[in-house]
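[1] whatever this is, show me its structure:
(one chain, ligands or ions: 2)
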Amino acid sequence: MGEDQVISSSVPVIDLREFGDSNIYSEKAYKKLREACEEWGCFRVINHQIPMDLMSEMKKVVRSLLDLPAEIKGRNVDVIAGSGYVAPSPANPLYEALGLYDLGSAEALRSFCDQLDASSHQREIVERYAGAVHGLALDIGRKMAMSMGLESDLFKGWRCQFRINKYNFTPETVGSSGVQIHTDSSFLTILQEDENVGGLEVLNKNGEFVAIDPWPGTLLLNLGDVATVWSNGRFYNVKHRVECKEAAIRVSIASFMLAPKDEAVEAPQELVDDEHPRLYLPFSYEDYRKLRLSTKLRAGEALELVRSSR
Ligand SMILES: O=C(O)CCC(=O)C(=O)O
Ligand SMILES: [Fe+2]
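    Ligands and ions are numbered 1, 2, ... in the order given. Take a look at the predicted model:
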């Protein structure tokens with residue numbers, strides 16, 4: 001792994017204030033967003049509406065939940081395939097995660113907090129953060145749709161998930177892999193990084209790994225497999241990995257906007273025409289997730305299995 005070329009370029013920065021009132025100004029912002037989705041599948045978001053104190057409180061809550069004994073973390077069972085606790089494994093021995101499927105549901109939030117015996121303060125922070133990040137995911141989804149000339153509320157009711165990640169990096173593990181290269185299966189992922197410990201690398205279209213340095217207070221957006229299907233091949237599902245760079249516990253919070261609740265994942269008709277025939281067969285997100293897990297095709301290759309033959 002260490003032989004791969006890692007460059008220190010940077011991903012596009014999207015300033016949410018630029019989508020303001022003036023049409024001329026915002027046209028530029030939508031174009032930049034669309035280019036970021038098409039060329040990188042990854043961008044940094046600045047000037048979002050999630051309060052800084054909520055981000056730092058959530059980080060503390062998440063850290064203490066991840067520090068719970070293994071038998072308590074094990075109560076965080078899957079709701080859909082792979083959505084619950086992930087213990088360290090032979091493939092990713094330094095990594096573990098807790099998960100919460102459907103962060104837009106009060107019932108799901110309650111049950112997650114119950115499983116982990118969360119305090120009332122912890123519950124309040126998890127609920128507030130879930131509300132804020134859910135709102136942001138919808139807002140960015142809306143802007144992505146508008147950047148393609150589509151109506152704005154296409155993502156209402158889509159299911160969202162948290163995955164809170166802990167990397168147990170030690171002096172002996174420096175230079176090894178924290179999480180293997182993968183794409184996210186989601187439409188989009190909002191990542192609150194570790195403020196101090198870097199290690200995330202995204203693969204650009206030239207095949208170079210770009211090191212993502214932490215930028216506290218901002219958020220990192222990744223597009224996943226569902227974004228590629230939804231955009232009929234236009235949006236890029238960025239491959240990424242986490243490398244162990246230093247001996248420190250690393251904690252990140254990934255919030256995924258996954259897919260529609262009941263409907264199939266497919267490109268809207270407006271994005272399909274003679275020049276852009278439908279590339280993927282409509283599928284159920286849960287089935288696709290199971291397919292990725294059962295085939296172990298975690299870096300977007302599973303999309304080939306749902307390609308339309310024409
Ligand atoms: O921890 C990170 O920086 C990335 C985590 C990630 O890629 C994921 O949860 O899918
Ligand atoms: Fe990821």
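
[2] tell me the helix or strand right after the one helix or strand R34 maps to.
    Element membership for R34 (DSSP states H and E) is helix 23-39. Next in sequence after helix 23-39, counting helices and strands by DSSP H and E, comes strand 42-46.

[3] list the contacts for the residue in the stretch 51-200 of the chain positioned nearest to ligand 1?
    Going by C-beta to the nearest ligand atom, ligand 1 is nearest to L200 of the stretch 51-200 of the chain, at 3.9 Å. (Each C-beta comes from the backbone N, C-alpha and C, glycine too.) By C-beta atoms under 8 Å, 6 or more residues apart in numbering, the residues touching L200 are L191, E193, A211, I212, L220, H240, R241, V242, S252.

[4] so what's the fourth one closest to, chain neighbours aside?
    Translated: I212. L200 (4.3 Å; C-beta to C-beta, 6 or more residues apart in numbering).

[5] how about F283?
    Distance criterion C-beta to C-beta, 6+ apart; nearest residue to F283, sequence neighbours excluded, is V306 at 5.2 Å.

[6] if we can go back for a sec, what's the closest of the contacts of L200 to ligand 1?
    Nearest member of these to ligand 1, counting by C-beta to the nearest ligand atom, is S252, at 3.5 Å.

[7] what helix or strand is the closest one on?
    Going by DSSP H and E, S252 is in strand 249-259.

[8] list the pairing partners of that strand within its sheet, with orientation.
    With DSSP bridges as the test, strand 249-259 is paired with strand 159-168 (antiparallel), strand 188-192 (antiparallel).

[9] which of the ones you listed is buried the deepest?
    Mean neighbour count (mean count of other C-beta atoms under 10 Å) peaks for strand 188-192 among the strands paired with strand 249-259, with a mean of 25.

[10] how far off strand 42-46 does it point, in degrees?
    Computed with axes from the mean of the first three to the mean of the last three C-alpha atoms, to 10 degrees, the direction of strand 188-192 lies at 50 degrees from that of strand 42-46.

[11] now the strand holding S252: mean pLDDT?
    Mean pLDDT, strand 249-259: 98.

[12] chain center to the next helix or strand after that strand: distance?
    Going down the chain from strand 249-259, the next helix or strand is helix 285-295, by DSSP H and E. Centroid separation for helix 285-295 versus its chain: 17 Å, with C-alpha atoms, centre = their mean, to the nearest Å.

[13] which phi and psi does the nearest residue to E127 once chain neighbours are set aside have?
    Excluding the flanking residues, the one nearest E127 by C-beta to C-beta, 6+ apart is L109, at 5.6 Å. With angles defined as degrees, to the nearest 10, L109 sits at phi -60, psi -40.

[14] I125 is in contact with E57, correct?
    Yes. With contact defined as C-beta atoms under 8 Å, E57 reaches I125; the gap is 4.9 Å.

[15] returning to what we had before: format the contacts of L200 as CSV; extra columns: secondary structure and distance to P277.
    Listed next are those as CSV, based on DSSP: H, G, I helix; E, B strand; the rest coil; distance: C-beta to C-beta, whole Å:
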residue, secondary structure, distance to P277
L191, strand, 33
E193, coil, 38
A211, strand, 37
I212, coil, 35
L220, strand, 33
H240, strand, 29
R241, strand, 33
V242, strand, 36
S252, strand, 38
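
[16] so which of those residues reach ligand 1?
    Restricting the contacts of L200 to those near ligand 1 by C-beta under 6 Å from any ligand atom leaves L191, E193, H240, V242, S252.

[17] please name the residues that touch the last one.
    The reference is to S252. I164, N165, L191, Q192, E193, D194, L200 are the contacts of S252 under C-beta under 8 Å, 6+ apart.

[18] export those residues to JSON lines and tack on pLDDT and distance to G82?
    JSON lines is the format used below for the contacts of S252 (pLDDT from 0 to 100; distance: C-beta to C-beta, whole Å):
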{"residue": "I164", "pLDDT": "98", "distance to G82": "14"}
{"residue": "N165", "pLDDT": "97", "distance to G82": "13"}
{"residue": "L191", "pLDDT": "98", "distance to G82": "18"}
{"residue": "Q192", "pLDDT": "98", "distance to G82": "20"}
{"residue": "E193", "pLDDT": "97", "distance to G82": "22"}
{"residue": "D194", "pLDDT": "97", "distance to G82": "22"}
{"residue": "L200", "pLDDT": "97", "distance to G82": "20"}
